[in-house]
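Participant: How does the following fold in three dimensions:
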Amino acid sequence: MLACFLTANQRVSSSHQYYDFDFVPSVHVRRSSSNSRWKQRQGSDVFAREAKVQGLKSRAAFKLLEMDAKYQLFRKGAVVVDLGYAPGSWSQVAKDRTGPKGLVVGIDLIPAQPPRGVSTIQGNFLSPSVRNLVKTFVAEGAARKQMQQQRLGGTEKAGKSDVVLVEQTSYIDAERLAARDAVVGSDEVDKGVEPEEKRSVKEERLVDVVLSDMSAPWPQTHGFTIRSLSNPYRRMMNTSGITFRDHAGSMDLCYAALSFASDTLKAEGNFVCKFYQGKEDKALENKLKKMFKRVCREKPESSRSESKEAYFVALRRKANVTLDSIEAG
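Facilitator: Model prediction:
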């Protein structure tokens, strides 16, 4: 199991570290009508009921299970990054499919208890420093896994190991470095020189599967003292009802996820992302087809029929194609 750490404004946790969410102050909060409708719908939803029976974090697990049954997304021992993992149902599926030797890392803006065997990072994935932190965390996990395999196989030799662990930069320091680069880093950019901080986190592609079930959470307006876990997830699950807004927001998140996959996903790796259908999704599909050998649109059976959500399943990444090269061409 990976070592986990705690930094200011950002928390990395694993299934071996638990927090006490049982103590809740007795505060009366008026329930919104939309919240009541959500509860009623969940109560009559066969997938939501089955998720409880099977011990899954949410009904969303069945969407990934259906896509995995059709496309065989995972393999034992694979490295998986789950973007927008809360409440953790996709990470549960990924960990089950990759087995005890697999590495599953989830990242989300809102706090959630990680599933057993899954490591998580709380932070804003749209921040470059947070994305670099994920890359470094995955690289360190892969390095530890390699060293463990060497020890078990009796092949480790003193003084001859080629595994290098990257020293962890704190969240606050990473944000300061990012801000400094934006102000004083223009000379290096003009000369075509990559800043040292960016080079330190630029690792080889180590990820086998990138999953993105990200949605933009609604802003919280009240009840801050008791809304640390479940209610942020309910806000995240809602859409605005404005089709263009939901579509445009999902496209931004898809491109952010694809940019991360371009940097970290191995050749022949797989990519799955949720989007809300609209006029811009065709452009995203075309980019995916240039980067992957096979791209499919999916509307899983467990996805509500009235919802505009759908999924791109991109299989077997091409070795020498990046998002930058596609956009430049």
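Participant: so Ile110 sits in a helix?
Facilitator: No. Membership of Ile110 in a helix is not supported by DSSP: H, G, I helix; E, B strand; the rest coil, which gives coil.
Participant: Make sure it is actually in contact with Gly88.
Facilitator: No. Counting by C-beta atoms under 8 Å, Ile110 stays clear of Gly88, with 11.3 Å between them. For every residue, glycine as well, the C-beta is placed using N, CA and C.
Participant: neighbour count winner among these two?
Facilitator: Of the pair Ile110 and Gly88, Gly88 is the one with more neighbours under other C-beta atoms under 10 Å, namely 28 against 19.
Participant: Quick one, grab the pLDDT at that one.
Facilitator: Looking at Gly88, its pLDDT stands at 92.
Participant: how close does it sit to Ala94?
Facilitator: In this view, Gly88 and Ala94 are 10 Å apart by C-beta to C-beta, to the nearest Å.
Participant: and for these two, which residues touch both?
Facilitator: Val118 (C-beta atoms under 8 Å, 6 or more residues apart in numbering).
Participant: shaky segments in the stretch 51-200 of the chain?
Facilitator: The stretch 51-200 of the chain contains residues with pLDDT under 70 at 154-200.
Participant: can you pull out the strands in it?
Facilitator: 79-83, 103-108, 119-122 (DSSP state E, counting those that start in this stretch).
Participant: Between these, which one is closest to Ala267.
Facilitator: strand 79-83 (13.6 Å; C-beta to C-beta).
Participant: The closest one pairs with which strands?
Facilitator: Strand pairing for strand 79-83, determined by DSSP bridges: strand 103-108 (parallel), strand 207-212 (parallel).
Participant: Would you check that Val81 makes contact with Leu103?
Facilitator: No. Using C-beta under 8 Å as the test, Val81 is too far from Leu103 to be in contact (9.1 Å).
Participant: Looking at these two, which is more packed in?
Facilitator: Neighbour totals were compared for Val81 and Leu103, and Val81 leads with 29 against 25 (other C-beta under 10 Å).
Participant: Show me the beta-bridge partners of the more buried one.
Facilitator: Beta bridges link Val81 to Val105, Val210, judged by DSSP bridges.
Participant: now it: how far from Met214?
Facilitator: Taking C-beta to C-beta, one finds Val81 at 12 Å from Met214.
Participant: now Leu103
Facilitator: According to C-beta to C-beta, Leu103 and Met214 sit 20 Å apart.
Participant: wait, isn't Ala314 in contact with Leu288?
Facilitator: Yes. Assessed by C-beta under 8 Å, Ala314 is found in contact with Leu288 at 4.7 Å.
Participant: what's the overlap in contacts for these two?
Facilitator: Contacts common to Ala314 and Leu288, judged by C-beta under 8 Å, 6+ apart, are 271, 295.
Participant: Which residue is the nearest non-sequential neighbour of Leu206?
Facilitator: Ala142 (4.8 Å; C-beta to C-beta, 6 or more residues apart in numbering).
Participant: Same check on Val138?
Facilitator: Leu206 (5.6 Å).
Participant: residue boundaries of the helices in the stretch 1-150 of the chain?
Facilitator: 33-43, 46-54, 61-71, 89-98, 128-153 (DSSP state H, counting those that start in this stretch).
Participant: what's the burial count for Leu258?
Facilitator: 23.
Participant: Could you report the distance from Thr98 to Gly269?
Facilitator: Noted for Thr98: a distance of 13 Å to Gly269, by C-beta to C-beta.
Participant: again, but for Phe275
Facilitator: Remark: distance between Phe275 and Gly269 (C-beta to C-beta) = 19 Å.
Participant: same check, this time on Phe47
Facilitator: The gap separating Phe47 from Gly269 is 28 Å, by C-beta to C-beta.
Participant: got a markdown table for the strands paired with strand 79-83, with distance to Phe125 too?
Facilitator: Below are the strands paired with strand 79-83 laid out as a markdown table (distance: least, C-beta to C-beta, whole Å):
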| stretch | distance to Phe125 |
| --- | --- |
| strand 103-108 | 6 |
| strand 207-212 | 9 |
